[in-house]
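**Q** coordinates only, no sequence provided:
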Ligand SMILES: Cc1cc2nc3c(=O)[nH]c(=O)nc-3n(C[C@H](O)[C@H](O)[C@H](O)COP(=O)(O)OP(=O)(O)OC[C@H]3O[C@@H](n4cnc5c(N)ncnc54)[C@H](O)[C@@H]3O)c2cc1C
């Protein structure tokens with residue numbers, strides 16, 4: 001098998017392409033999972049595609065998920081079997097197309113009441129049935145001794161047994177980058193740090209957009225036959241701006257909520273299994289998931305009306321996560337054990353807010369809306385189903401005559417940049433290292449600084465690779481999303497910022513934003529003083 005050399009992502013060249021006069025088939029606004037999925041699918045079908053992201057790729061919700069590729073045990077409980085089956089199918093598509101960034105993961109649900117093992121066990125047998133050939137392993141019922149062996153720090157008092165089942169996990173930000181790089185390989189032009197400021201209309205129809213390169217401040221106007229708004233929790237801003245330009249008003253279509261995760265040392269749950277509590281004291285789900293050498297605990301679901309770029313956790317959310325973890329772990333983590341905290345905003349679709357004249361597709365928890373001016377908006381859903389969502393969006397655009405018809409299904413068999421079955425492949429729960437680069441590991445190893453480790457699993461060459469081939473401009477791009485160090489150990493990430501900044505600056509010639517990064521990381525680690533503060 002020949003491995004293609006990684007493409008360069010030199011900003012000056014990307015901006016020069018943006019400035020060329022042309023009419024794109026499709027312009028996608030937003031470089032999270034949803035927008036990147038749409039861009040890749042369209043480019044793979046031979047359409048000319050531009051994608052603009054105001055911050056960094058996956059800088060919004062798409063780097064702040066629980067990092068699970070799952071059918072959704074919650075949807076199973078709700079009886080939404082179609083959604084579960086589709087997500088299980090997409091789970092195996094990601095495992096196949098990005099094996100360096102995703103791997104199966106065994107979950108254990110402990111039982112502390114007699115009915116829990118049969119109740120959850122039967123439900124998960126149905127999960128296995130729905131997965132069919134996409135199944136990753138059979139659900140099994142565990143005795144008390146087996147549950148304790150699988151989850152060594154599990155609270156033993158009152159434990160009766162458990163259920164073990166299979167799902168998968170991934171590196172969300174690196175998968176987003178793999179989507180971006182694969183779309184570029186298919187001919188798409190993608191730019192981060194380029195905010196769409198305005199839709200451009202001609203005869204009452206969307207005909208393009210205006211954008212600002214947020215590094216230089218330079219403005220551009222581009223023409224596109226079809227514009228897709230994939231700006232996550234921020235979709236209403238672009239819809240409302242576009243409608244206002246035509247003297248119309250559109251009601252908001254989202255009611256967002258926030259989810260918090262905390263990261264602690266892996267010793268709180270040694271072994272190779274994740275812990276899932278299907279119903280906590282207040283009826284939520286709690287995960288304790290081994291990921292990249294650490295343990296992720298979460299999550300919460302707190303309604304939130306404002307949409308900050310860097311949402312902060314509430315003290316009550318952190319107390320809830322540590323409190324619930326303490327009910328199930330014999331040695332419980334305390335605030336002093338927390339290495340990192342992250343907060344993501346969920347784009348939850350509001351059925352009542354969708355405009356009547358718009359075409360709605362809400363059956364899969366995501367919505368595709370076609371506004372009267374031809375703007376197509378997609379939001380909601382989940383990471384796992386990004387590809388199915390992209391197919392839905394493009395079907396809608398083609399049906400409305402905004403894009404020429406091209407058959408679907410191309411992306412299902414398209415391997416992503418770096419995909420390769422490598423001899424040193426490791427599961428995602430292993431500590432980070434060059435194996436996460438998959439087939440690009442050889443190109444990485446050939447860069448200056450390949451043998452110079454800045455921290456375990458992070459080399460000087462990785463910073464160079466990020467600047468040359470992964471669109472990285474700032475220290476935050478590098479330490480939050482190319483490497484995941486900020487998510488794994490925020491204090492260590494802060495300590496490394498100056499060294500990483502120096503390398504980046506030499507590579508890009510731009511200010512890498514070291515001070516801003518350190519200030520933000522410090523803020524992110526601060527424990528809120530008061531409950532509810
Ligand atoms: C706490 C939490 C846990 C989750 N866990 C999971 C999980 O384990 N598995 C799973 O499958 N799903 C999970 N999800 C869901 C999943 O993360 C989201 O559905 C998905 O990331 C949404 O992607 P998106 O592209 O729609 O939004 P985003 O990732 O937010 O992307 C939107 C992008 O648009 C950009 N943007 C905004 N305005 C503009 C503009 N004017 N111009 C240009 N760009 C703009 C933003 O900067 C942003 O990058 C979770 C979600 C949350 C909140």
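**A** Looks like it arrived, so ask away. All figures in this text were calculated on a predicted structure; none of them were measured in a lab.
**Q** how far away is residue 173 from residue 156?
**A** In this structure, residue 173 and residue 156 are 37 Å apart, going by C-beta to C-beta, to the nearest Å. The C-beta positions use only the backbone N, C-alpha and C, and glycine is treated the same way.
**Q** what strand or helix carries residue 417?
**A** Counting by DSSP states H and E, residue 417 is held by no secondary-structure element, helix or strand.
**Q** who touches it in this structure?
**A** Contact partners of residue 417, counting by C-beta atoms under 8 Å, 6 or more residues apart in numbering, are 6, 178, 181-182, 185, 440.
**Q** now, these that are in strands?
**A** For the contacts of residue 417, not one is inside strands, with DSSP state E as the criterion.
**Q** with pLDDT and distance to residue 85 added, can I get these in TSV?
**A** TSV is the format used below for these (pLDDT from 0 to 100; distance: C-beta to C-beta, whole Å):
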residue	pLDDT	distance to residue 85
6	96	36
178	98	25
181	98	30
182	98	26
185	98	30
440	96	33
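**Q** so which of these is the closest to the ligand?
**A** Checking the contacts of residue 417 against the ligand by C-beta to the nearest ligand atom gives residue 178 as the nearest, at 14.6 Å.
**Q** for the stretch 1-150 of the chain, which segments are assigned as strands?
**A** Assigned by DSSP state E, counting those that start in this stretch, the strands in the stretch 1-150 of the chain fall at 23-29, 49-52, 68-69, 102-111, 140-143.
**Q** which strands or helices does the longest helix along the chain pack on?
**A** Secondary structure of the chain per DSSP state H: the longest helix is helix 490-508. With contacts defined as 3 or more C-beta pairs under 8 Å, 6 or more residues apart in numbering; DSSP states H and E, helix 490-508 has these neighbours: strand 453-455, helix 460-469, helix 475-476, helix 485-488, helix 514-525.
**Q** deepest-packed of those, please.
**A** Comparing the helices and strands packed on helix 490-508 by mean neighbour count (mean count of other C-beta atoms under 10 Å), helix 475-476 comes out on top with a mean of 28.
**Q** enumerate every residue touching residue 223.
**A** Contacts for residue 223 (C-beta under 8 Å, 6+ apart) come out as 22-24, 200, 207-208.
**Q** same question, residue 293
**A** Taking C-beta under 8 Å, 6+ apart as the definition of contact, the neighbours of residue 293 are 266, 429-432, 457, 488.
**Q** please repeat the previous calculation with a cut-off of 10 Å.
**A** By C-beta atoms under 10 Å, 6 or more residues apart in numbering, residue 293 lies in contact with 265-266, 428-433, 456-457, 484, 488-489.
**Q** one more: residue 119?
**A** Taking C-beta under 10 Å, 6+ apart as the criterion, residue 119 is in contact with 111, 113, 163, 278.
**Q** buried residues in stretch 41-51?
**A** When neighbours are counted by 16 or more other C-beta atoms under 10 Å, the buried residues of stretch 41-51 are found to be 41-45, 47-51.
**Q** check which helices and strands the worst-scoring helix or strand of the chain on mean pLDDT sits against.
**A** Of the helices and strands making up the chain, the lowest-confidence element is helix 73-77, at a mean of 80, by mean pLDDT, DSSP states H and E. For helix 73-77, the contact count by 3 or more C-beta pairs under 10 Å, 6 or more residues apart in numbering; DSSP states H and E identifies helix 81-97, helix 116-131 as packing neighbours.
**Q** tabulate the contacts of residue 119 (JSON lines), appending distance to the ligand.
**A** Shown next, in JSON lines, are those (distance: C-beta to the nearest ligand atom, whole Å):
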{"residue": "111", "distance to the ligand": "24"}
{"residue": "113", "distance to the ligand": "27"}
{"residue": "163", "distance to the ligand": "20"}
{"residue": "278", "distance to the ligand": "15"}
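**Q** buried ones only from those residues, please, as a PyMOL command.
**A** Command for PyMOL, covering only those of those found buried under the criterion 16+ other C-beta under 10 Å:
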select buried, resi 111+163+278
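**Q** mind putting the contacts of residue 119 into CSV with distance to residue 517?
**A** Formatted as CSV, the contacts of residue 119 follow (distance: C-beta to C-beta, whole Å):
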residue, distance to residue 517
111, 44
113, 47
163, 42
278, 37
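**Q** which of the contacts of residue 119 fall in helices?
**A** Secondary structure defined by DSSP H assigns none of these to helices.
**Q** hmm, back to that, by neighbour count, which of the contacts of residue 293 wins?
**A** Counting neighbours by other C-beta atoms under 10 Å, the top entry in these is residue 484, with 27 neighbours.
**Q** that residue contacts residue 340, correct?
**A** Yes: using C-beta atoms under 10 Å, residue 484 is in contact with residue 340, at 9.4 Å.
**Q** among the helices and strands packed on helix 73-77, which is nearest the ligand?
**A** With C-beta to the nearest ligand atom, the closest approach to the ligand among the helices and strands packed on helix 73-77 belongs to helix 81-97: 7.5 Å.
**Q** you'd agree residue 388 is in a helix?
**A** Yes: when DSSP: H, G, I helix; E, B strand; the rest coil is applied, residue 388 is found to be in a helix.
**Q** relative to the ligand, how far out is it?
**A** Spatial separation of residue 388 from the ligand under the definition C-beta to the nearest ligand atom, to the nearest Å is 11 Å.
**Q** what does residue 420 give?
**A** Applying C-beta to the nearest ligand atom, one obtains 24 Å for the distance of residue 420 from the ligand.
**Q** helix/strand/coil for that residue?
**A** Secondary structure, three-state DSSP: residue 420 is coil.
**Q** pretty sure residue 192 sits against residue 15.
**A** No: counting by C-beta under 10 Å, residue 192 sits too far from residue 15 to count as a contact (11.6 Å).
**Q** out of these two, which sits in the more crowded spot?
**A** Counted by other C-beta under 10 Å, residue 192 and residue 15 do not tie: residue 192 has more neighbours, with 25 against 17.
**Q** and the residue in the stretch 401-533 of the chain that the ligand sits nearest to, how many neighbours?
**A** The ligand sits closest to residue 481 of the stretch 401-533 of the chain, with a gap of 10.6 Å, by C-beta to the nearest ligand atom. Taking other C-beta under 10 Å as the criterion, the count of residues near residue 481 is 26.
**Q** that one looks like it's in a strand, true?
**A** No: looking at residue 481 with three-state DSSP, it is helix, so not inside a strand.
**Q** pLDDT value on the closest residue to it other than its chain neighbours, please?
**A** The shortest distance from residue 481 to any non-neighbouring residue, by C-beta to C-beta, 6 or more residues apart in numbering, is to residue 173 (3.8 Å). The per-residue pLDDT reported for residue 173 equals 98.
**Q** isn't residue 173 up against residue 483?
**A** Yes: at 9.4 Å, residue 173 and residue 483 qualify as touching, with contact defined as C-beta under 10 Å.
**Q** tell me the buried residues in the least confident helix or strand of the chain?
**A** Of the residues in helix 73-77, those scored as buried under the neighbour-count criterion (16+ other C-beta under 10 Å) are 73, 75-76.
**Q** before I go, just wanted to say thanks for your time.
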